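S.K.: Pasted the sequence and its predicted model underneath.
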Amino acid sequence: MTARIVKDGIVTARMSAEHAEASRVDGSVGRAPTSEPEPVPRRRRRRVGLLACSILLVGVGIAFLTASIFAPAMVDRVTGDIKVGVQKQLQRIFAPDELPVIRLGAEGGMVELDHCDGTFTEMISYRIDGVPPLFAAHNNCGGDVILGWEIGQRVRVDGSDVVYEVVEERHTPKWSNVEELVGMSGEFMVQTCFYGENKMRFLALAPVGTPSDAG
């Protein structure tokens with residue numbers, strides 16, 4: 001309550017002690033809480049860290065670009081090996097109980113091979129006595145799947161229930177004579193090139209049964 005007092009003809013108002021006390025406003029009431037300013041050293045360390053990461057990424061990019069210009073074979077080999085390794089890991093993680101599957105395509109030569117349709121082309125030029133039928137694919141057109149296989153690897157051919165096993169392996173330089181493959185075993189062979197190397201890989205496959213037999 002407020003008591004009115006007349007003094008020297010002037011009316012003044014005097015608030016009760018309780019009301020006056022309640023009307024005091026603390027400086028913190030009604031204000032949005034403010035965070036303490038971040039210490040300058042911490043902000044500086046953060047900026048230095050971001051700058052260092054940026055410099056590192058730029059340096060890696062420059063190094064990769066330089067290597068791709070002056071040593072393209074090395075870059076091709078490294079990136080190819082990484083790709084093959086990733087493919088093997090994905091197979092183990094997402095389809096550990098499934099066999100790798102390859103697609104055998106039409107017969108032909110380099111023209112058909114360069115179609116790069118994801119199939120292995122039966123190479124007519126490799127049809128000589130003593131050499132099983134050969135199916136080839138460029139490594140960057142799906143052929144690199146066989147770069148991750150070892151002797152004993154079991155695989156399937158798309159559209160067939162027969163399970164095949166890698167029974168023999170042979171390497172030759174690119175554009176080698178077909179005669180270097182004479183004597184290879186198996187029902188047929190698959191071929192692709194190693195990444196960044198002057199080397200081709202040939203794998204002989206032989207049937208071992210059906211998926212139920214392989215299990």
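M.R.: Good, I have the coordinates. Residues are numbered from 1 along each chain as shown.
S.K.: Around residue 127, count how many other residues there are.
M.R.: Other residues near residue 127 number 13, with proximity taken as other CB atoms under 10 Å. C-beta coordinates here come from the backbone N, C-alpha and C atoms, glycine included.
S.K.: residues in contact with it?
M.R.: Residues counted as contacts of residue 127 (CB atoms under 8 Å, 6 or more residues apart in numbering) are residue 133.
S.K.: Helix, strand, or coil at residue 205?
M.R.: Following DSSP: H, G, I helix; E, B strand; the rest coil, the label given to residue 205 is strand.
S.K.: Spatially, what comes nearest to it if we skip its sequence neighbours?
M.R.: Leaving aside its chain neighbours, residue 205 sits nearest to residue 164 (4.0 Å; criterion: CB to CB, 6 or more residues apart in numbering).
S.K.: that's a helix at the one you found, yeah?
M.R.: No: Residue 164: not assigned to a helix; according to three-state DSSP it is strand.
S.K.: Just the pLDDT at it, thanks.
M.R.: We have a pLDDT of 98 for residue 164.
S.K.: My guess is it contacts residue 154. True?
M.R.: Yes: using CB atoms under 8 Å, residue 164 is in contact with residue 154, at 6.9 Å.
S.K.: Please enumerate the strands of the chain.
M.R.: With DSSP state E, the ranges of strands along the chain come out as 2-7, 10-15, 101-102, 104-108, 120-123, 134-136, 154-157, 163-172, 188-193, 200-209.
S.K.: Distance of the residue nearest to residue 205 relative to residue 117?
M.R.: Residue 164 sits 21 Å away from residue 117, taking CB to CB, to the nearest Å as the criterion.
S.K.: for residue 204, same thing?
M.R.: 24 Å.
S.K.: Neighbour count for the two, which is higher?
M.R.: Legend: neighbour count by other CB under 10 Å for residue 204 and residue 117, higher for residue 204 (22 against 14).
S.K.: if I pick that one, what's in contact with it?
M.R.: Residue 204 is in contact with 132, 166-170, 184-186, 188-189, counting by CB under 8 Å, 6+ apart.
S.K.: What residues are bridge-paired with it?
M.R.: Residues in a beta bridge with residue 204, per DSSP bridges, are residue 168, residue 189.
S.K.: residues near residue 83, how many?
M.R.: Residue 83: 16 neighbours (other CB under 10 Å).
S.K.: who's in contact with it?
M.R.: Shown in contact with residue 83 (CB under 8 Å, 6+ apart): 144, 195.
S.K.: mind redoing it with 7 Å?
M.R.: Taking CB atoms under 7 Å, 6 or more residues apart in numbering as the criterion, residue 83 is in contact with residue 144.
S.K.: The residue nearest to residue 205 is in contact with residue 206, isn't it?
M.R.: Yes: at 6.4 Å, residue 164 counts as touching residue 206 under the criterion of CB atoms under 7 Å.
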